[in-house]
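Asker: need coordinates for the below:
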Amino acid sequence: MQKNTIILFIIISFITLSAKAQQVDTLKEEKLSCHFQATVITQYKPGFQAKYSGTNSLLTKEETQSTITSTLFAGAKLWKGATVFINPEISGGSGLSSTLGVADATNGEAFRVGSADPKIYLARLFFRQLFALNKNTVYQSSDFNQLAGYIPTKYFAVTVGKIGVADYFDANSYSHDPRTQFMSWGLMDNGAWDYPANTRGYTPSVMLEYVTPKNELRYALSLLPTVANGNDMDWDIGQSNSSTLEFTHHYKAHHGRPGTIRLLSFLETTHMGNYDQSIALNPTAPDITATGKYGNIKYGFGINLEEELTDNMGFFARASWNDGHTETWAFTEVDQSISFGLSSKGTQWKRAGDNTGLAFVTSGISQSHSDYLKDGGEGFMLGDGNLNYGLEHLLEFYYSAEVVKNSIYVSGAYQFVVNPGYNKDRGPANVFSLRVHARI
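Answerer: Numbering: from 1, shown residues only. Prediction:
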């Protein structure tokens, strides 16, 4: 990972110098916007015990792996309410065991791609038109893919292009960004939401939004990859597509502090296989790809809650479920999941830019999915060759320290994984992480 280290050093130097030169104008109306982020995560896993291992197992040996991502966020205002954004991105490295063997994978920045060498690609390119529905406005600050300026408090918006669907759905103030918060896949999103994306997390979509101060409603129609967790998208949208619908309500809790609840549902159909049919076709070595056909569907639901407890601390919880009959297509092999945790700012110990969190997630799979893995079947993440089924549990603690104000953060994290890959014959596993995140 020497290349990654050199790249990160150059990026951090650029960001530090730019941050010092930047003058903040809290009332400016931006016509052009340019931001930058770079994140390096190094994870270490000591060896652990297992009765057996398969092709897609978490390796039992001691292991260290690193990932790097770096993104340019450029945007421009076209006319009233209209903006366009482009995000070239570079990523490289590998997750532990090539991001195999743990459903609630430990590094949210790790992608399942063939080469560990850094590669440049187009992450996002989209157009957004906002239509005001009232005359009241609120100021929004400059941020990633967000121009500083006044926007109406009530509006309708249309977004078209290549986006990260999770940028807009299943958001949570305390647990949604593996670059700054919890790193586990099961904590950054609802695990059973098979959110549409290529292997790097992006997909062409059309999204509609209706937003008021108290309520928000979003719908997205998105493309799916041609194969499970693939990088090429299936453009036959009549036979392969994903619909995501979410309702958001902002409220005041009984203690007078703000809270938000989000209700999510999804439906996807594509050339996916069926677990029971795969077992019936070959009981001793089922292959999910052998039963793939257009017309098969997967659907599910999720709930997402966050509440501010004090000026410095917040609570979050999520729960999700999908039908579990057809194969996981885009995110991770989870059919049911519950997570909750706490996040706190460092204000109490005079480190206002620091942040820390403690969270727990427990995940499971359907009976059909479990039988498929027990009979030796493989998904794109799991496959130990056998299975002594048990719920997978992951506990995560992290501390993020602000090194350069609003620019550079260094985090340490610990994760404890029980029954990795839902297998009581394997583990537990310990994972230690060091993360460096730079932004401007």
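
Asker: output the below-cut-off pLDDT ranges for the stretch 51-200 of the chain.
Answerer: For the stretch 51-200 of the chain, residues meeting the criterion pLDDT under 70 lie at 112-115.

Asker: strands of that one, start to end?
Answerer: Ranges of strands in the stretch 51-200 of the chain, per DSSP state E, counting those that start in this stretch, are 63-79, 82-93, 119-132, 137-140, 149-152, 155-163.

Asker: so which of those is nearest residue 391?
Answerer: strand 63-79 (24.0 Å; C-beta to C-beta). Just so you know, the C-beta spots here come from the backbone N, C-alpha and C atoms, and that holds for glycine as well.

Asker: give me the angle between that closest one and strand 119-132.
Answerer: 40 degrees (axes from the mean of the first three to the mean of the last three C-alpha atoms, to 10 degrees).

Asker: give me the buried positions along strand 63-79.
Answerer: 63, 65-71, 73, 75, 77 (16 or more other C-beta atoms under 10 Å).

Asker: can you check stretch 337-347 too?
Answerer: Applying 16+ other C-beta under 10 Å to stretch 337-347 flags 337-341, 343-346 as buried.

Asker: next, count neighbours for residue 121.
Answerer: Other residues within reach of residue 121, judged by other C-beta atoms under 10 Å, total 14.

Asker: correct me if wrong: residue 193 contacts residue 302.
Answerer: Yes - look at residue 193 against residue 302 with C-beta atoms under 8 Å: they come within range, at 5.1 Å.

Asker: which residues do these two both contact?
Answerer: In terms of C-beta atoms under 8 Å, 6 or more residues apart in numbering, residue 193 and residue 302 are both contacted by the residues 170, 264, 320.

Asker: ok, back up a step: mind checking which of residue 193 and residue 302 has more residues around it?
Answerer: More neighbours surround residue 193 than the other of residue 193 and residue 302, with 29 against 24 (other C-beta under 10 Å).

Asker: which residue is the nearest non-sequential neighbour of residue 110?
Answerer: In space, and not counting its chain neighbours, residue 110 is closest to residue 95: 2.9 Å by C-beta to C-beta, 6 or more residues apart in numbering.

Asker: go ahead and confirm that neighbour touches residue 107.
Answerer: Yes - counting by C-beta under 8 Å, residue 95 touches residue 107, with 4.6 Å between them.

Asker: compare those two (neighbour count), which wins?
Answerer: Between residue 95 and residue 107, residue 107 has the larger neighbour count (other C-beta under 10 Å), namely 27 against 22.

Asker: from the opening residue of stretch 209-219 to its closing one, how far?
Answerer: One end of stretch 209-219 to the other measures 7 Å (C-alpha to C-alpha, to the nearest Å).

Asker: give the buried residues for that stretch.
Answerer: 209, 211, 216, 218.

Asker: likewise stretch 190-199?
Answerer: For stretch 190-199, by 16+ other C-beta under 10 Å, it's 190-199.

Asker: same thing with stretch 143-152?
Answerer: 144-149, 151-152.

Asker: can you give the distance from it to the centre of its chain?
Answerer: Taking the mean of its C-alpha atoms, stretch 143-152 sits 22 Å from the chain's own mean (C-alpha atoms, centre = their mean, to the nearest Å).

Asker: equivalent analysis for stretch 177-193, please.
Answerer: Remark: stretch 177-193 is offset 5 Å from the chain centroid, using C-alpha atoms, centre = their mean.

Asker: what's the answer for stretch 323-340, then?
Answerer: 14 Å.

Asker: only C-alpha atoms, please: export it in CSV.
Answerer: C-alpha atoms of stretch 323-340 as CSV (Å, rounded to 0.1, in the frame of the first residue of the first chain):
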residue,chain,number,x,y,z
ASP,A,323,-38.3,-12.0,2.0
GLY,A,324,-35.1,-14.0,1.7
HIS,A,325,-36.2,-16.3,-1.1
THR,A,326,-34.1,-14.9,-3.9
GLU,A,327,-30.4,-14.1,-3.8
THR,A,328,-28.9,-10.9,-2.5
TRP,A,329,-28.1,-8.9,-5.6
ALA,A,330,-26.3,-5.6,-4.7
PHE,A,331,-25.5,-5.0,-1.0
THR,A,332,-24.8,-7.8,1.5
GLU,A,333,-26.1,-11.2,2.5
VAL,A,334,-28.5,-10.1,5.3
ASP,A,335,-32.2,-10.9,5.4
GLN,A,336,-33.0,-9.5,8.9
SER,A,337,-31.1,-7.0,10.9
ILE,A,338,-31.4,-4.9,14.1
SER,A,339,-28.9,-2.3,15.1
PHE,A,340,-28.6,0.4,17.8
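
Asker: can you verify my assumption that residue 311 contacts residue 347?
Answerer: Yes - counting by C-beta under 8 Å, residue 311 does reach residue 347; the two are 7.2 Å apart.

Asker: list the strands paired with the helix or strand that contains residue 269, with their directions.
Answerer: Using DSSP states H and E, residue 269 sits in strand 258-272. In the sheet, strand 258-272 lines up against strand 241-252 (antiparallel), strand 293-308 (antiparallel) (DSSP bridges).

Asker: and the angle for whichever helix or strand comes after the longest one with strand 258-272?
Answerer: Per DSSP H and E, the first helix or strand lying C-terminal to strand 293-308 is strand 313-322. Our comparison of strand 313-322 with strand 258-272, counting by the same axes, to 10 degrees, yields an angle of 30 degrees.

Asker: who does strand 313-322 pair up with?
Answerer: strand 293-308 (antiparallel), strand 336-346 (antiparallel).

Asker: save the ones you listed as JSON lines, and put in distance to residue 279 and mean pLDDT too.
Answerer: Conversion of these to JSON lines gives the following (distance: least, C-beta to C-beta, whole Å; pLDDT from 0 to 100):
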{"stretch": "strand 293-308", "distance to residue 279": "15", "mean pLDDT": "97"}
{"stretch": "strand 336-346", "distance to residue 279": "20", "mean pLDDT": "97"}
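
Asker: of the ones you listed, which is nearest residue 276?
Answerer: For residue 276, the closest of the strands paired with strand 313-322 is strand 293-308, at 11.6 Å, according to C-beta to C-beta.

Asker: list the beta-bridge partners for residue 121.
Answerer: In beta-bridge terms (that is, DSSP bridges), residue 121 pairs with residue 89.

Asker: ok, it to residue 213 distance?
Answerer: According to C-beta to C-beta, to the nearest Å, residue 121 stands 37 Å off from residue 213.

Asker: sorry, back to before: format the buried residues of stretch 190-199 as CSV; extra columns: distance to residue 403.
Answerer: Converted to CSV, the buried residues of stretch 190-199 look like this (distance: C-beta to C-beta, whole Å):
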residue, distance to residue 403
190, 32
191, 32
192, 36
193, 34
194, 37
195, 32
196, 36
197, 31
198, 33
199, 32
